[in-house]
Structure formats: C-alpha cells, structure tokens
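Enquirer: Predicted coordinates and the sequence they were generated for:
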Amino acid sequence: MSQSPGPFDSVPGRRITAWVIDAALLLVLSWLVWGGAALLAMLTLGFAGGLLLLPWALLLPILYGTLSIASPLSATPGQAVMGLAVRSEVDGAAPSLGQAFTATTLYALSWMAGGMPLLAALFSSRHRTLHDLFSDTLVVRSAYLEKARNPRGLAAEDG
C-alpha cells in the first residue's frame with residue numbers, strides 16, 4: 001500500500017523544471033513579439049517603431065505569469081505540465097489577479113536580486129519562496145487538490 005503524495009512533496013524540483021519550460025515558452029513568445037513589433041514598424045514606415053522601445057524583457061514575463069496564474073488553470077503552462085497549481089494561502093482557492101500580479105512581479109524582482117530570495121524555499125517546510133510569502137500564495141501538487149475537498153486542508157498542512 002503506497003501513501004499518496006502530500007501537497008508539497010517534490011515541489012522544489014517540479015518548480016525548477018516548470019521554470020525551464022516557461023523560460024523556453026517565453027523565449028519563443030518574445031521572438032514573436034519582437035518580430036511582430038519590428039514588422040509593424042517596417043510596415044508603418046517607422047511610425048510604430050515606439051513598440052520596439054518598450055521594456056519587453058520585463059513586461060512580457062510579468063504579463064505571462066500574471067495572466068497564467070490568474071487563469072482558471074491557476075498555474076503557468078510549465079507549472080501545469082509539472083502537475084503544480086498556485087493557491088491562496090488563506091483559503092486554498094485560486095489566487096486573485098492581485099495575488100498573481102504581486103507574486104509574478106516579486107518573482108521578477110527576485111531574479112533581479114540575483115535569485116537570492118528564491119532560496120527561502122530551501123528553509124520552508126512548504127517550500128515557499130519570498131514572493132510566495134508576500135503574495136500569500138502556495139504552490140502545491142495538482143494531484144493533491146483533486147483529492148482534497150476541504151480548502152482549509154492546505155492551510156492546516158504545515159508540516
């Protein structure tokens with residue numbers, strides 16, 4: 001008889017693999033955005049050239065993360081592939097748009113700080129990074145959510 005995995009089992013490794021998947025998707029997406037902006041600038045004889053000046057390297061990942069986490073999936077595509085979901089710490093529900101934006105923006109700032117705030121996950125029993133803490137979110141295994149009917153179950157699991 002095997003015990004089913006808990007909500008936080010193997011989350012760090014899954015998050016790292018999810019990041020690689022999301023980074024690859026963002027790379028392709030950024031090529032499409034830059035290429036589209038450049039094409040539009042050429043077709044409008046430079047009038048739409050201002051689009052090339054936008055800080056896409058910061059805006060695109062924040063939009064990608066925020067809209068993905070705030071979607072009904074409650075995860076980025078990489079997280080979904082790796083069987084992860086983001087939940088509100090307070091009630092275990094899907095995160096709000098504000099929580100998704102806060103988590104994603106602080107995540108981007110964590111990388112700007114050399115990734116050091118991400119190391120907090122190594123010292124947390126629920127593998128939470130600083131952007132998780134400040135946005136009141138948890139990253140859990142999706143399989144656990146399917147089995148758990150009580151949304152307070154996530155808040156109670158603090159092993």
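Expert: All right, it came through fine. Keep in mind that this is a model prediction, so the values were computed, not measured.
Enquirer: by contact count, what packs against the helix or strand where residue 42 lies?
Expert: Taking DSSP states H and E as the definition, one finds residue 42 inside helix 11-43. If contacts are counted by 3 or more CB pairs under 8 Å, 6 or more residues apart in numbering; DSSP states H and E, helix 11-43 sits against helix 56-69, helix 77-81, strand 84-88, strand 137-141. (Each C-beta comes from the backbone N, C-alpha and C, glycine too.)
Enquirer: To residue 10, which of these lies closest?
Expert: Ranking the helices and strands packed on helix 11-43 by proximity to residue 10 (CB to CB) places strand 137-141 first, at 7.6 Å.
Enquirer: Tell me the strands beside the closest one, with direction?
Expert: strand 84-88 (antiparallel) (DSSP bridges).
Enquirer: If I take the following helix or strand past the partner strand and strand 84-88, what angle do their directions form?
Expert: Using DSSP H and E, the helix or strand that follows strand 84-88 towards the C-terminus is helix 97-112. Helix 97-112 and strand 84-88 are oriented at 120 degrees to each other (axes from the mean of the first three to the mean of the last three CA atoms, to 10 degrees).
Enquirer: and helix 97-112, how far out from the chain's middle?
Expert: Distance of helix 97-112 from the chain centroid (CA atoms, centre = their mean, to the nearest Å) equals 8 Å.
Enquirer: Kindly report the same for stretch 71-78.
Expert: 8 Å.
Enquirer: three-state assignment of residue 9?
Expert: Here residue 9 is recorded as coil under DSSP: H, G, I helix; E, B strand; the rest coil.
Enquirer: which residues does it contact?
Expert: Residues near residue 9 by CB atoms under 8 Å, 6 or more residues apart in numbering: residue 141.
Enquirer: gap between it and residue 144?
Expert: 8 Å (CB to CB, to the nearest Å).
Enquirer: in this structure, what residue sits furthest out from the centroid?
Expert: residue 45 (37.4 Å; CA atoms, centre = their mean).
Enquirer: Mind pulling up the pLDDT for it?
Expert: Residue 45 is assigned 89 on the pLDDT scale.
Enquirer: Mind telling me what element it is part of?
Expert: Per DSSP H and E, there is no helix or strand for residue 45.
Enquirer: got a list of what it touches?
Expert: Counting by CB under 8 Å, 6+ apart, residue 45 has no contacts.
Enquirer: Thanks a lot, see you next time.
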